[in-house]
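Asks: Sequence below, structure please.
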Amino acid sequence: MDLGLVGRRALVGGGGSGIGGGIATVLAAEGARVALIGRTEDRVREAAERLGGVAVVGGAAESLSAIAAGAKNKLDLTMGVVYGSCIQIALFVAPVLVLLSRMIAPEPLDLSFSRLELGVLLLAVLIGGSVGNDGKGNWFKGVQLLTVYATIALLLYFVPA
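Replies: As a prediction, this is how the structure comes out:
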């Protein structure tokens, strides 16, 4: 079957095994350049080797370790992992996506934010810093952070940027 995918790019979530692995195999067989995302780095590496490529994208192991550390009330370790993930996204992933959008996307992305989005970002940083400042966590702080998240989501959904 010819799907006309030769030279096209595909990003497959859950590509390490299961349905995502099957989809990645079919796309690679059709000639697409496949990028895989998976839960564990080992599965992604195995799938990439099976498809004849090199694994670049890892998994969510750091998020799982942050959840485990949070369950053991080790807030310093949890916040270190969370801050590291945020810094990685801000300094690496976002600029790479902007550059890749020039080649892949129908219209290029830019990193220009409205005043509302910048204000919400500043507010989220201030609230996150004040909640994690004392080094202790409890269920009420979690509820507060979830409420802030829901409020920001509703604000950005209903207010035009």
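Asks: Okay, buried residues for whatever helix or strand Leu77 lives in please.
Replies: For Leu77, the host element (DSSP states H and E) is helix 75-88. Using 16 or more other CB atoms under 10 Å as the test for burial, helix 75-88 gives Leu75, Thr78, Met79, Val81, Val82. Where C-beta positions appear, they are placed from N, C-alpha and C, glycine not excepted.
Asks: Quick one: list the elements packing against it.
Replies: Judged by 3 or more CB pairs under 8 Å, 6 or more residues apart in numbering; DSSP states H and E, helix 75-88 is in contact with helix 61-71.
Asks: Would you mind listing the residues in contact with the residue nearest to Gly135 when sequence neighbours are not counted?
Replies: Spatial nearest neighbour of Gly135, chain neighbours left out: Leu75 (5.5 Å); criterion: CB to CB, 6 or more residues apart in numbering. By CB atoms under 8 Å, 6 or more residues apart in numbering, Leu75 lies in contact with Gly132, Gly135, Lys136, Gly137.
Asks: Pick the one among the residues you listed closest to Val159.
Replies: Within those, proximity to Val159 (CB to CB) peaks at Gly132, which comes in at 27.2 Å.
Asks: And the residue nearest to the closest one when sequence neighbours are not counted, how close does it get to Asn133?
Replies: Closest residue to Gly132 apart from its sequence neighbours, by CB to CB, 6+ apart: Met79 at 5.1 Å. Separation of Met79 from Asn133 (CB to CB, to the nearest Å): 10 Å.
Asks: what about the helices in this protein?
Replies: Counting by DSSP state H, the chain has these helices, from start to end: 18-29, 41-51, 61-71, 75-88, 94-101, 115-131, 139-158.
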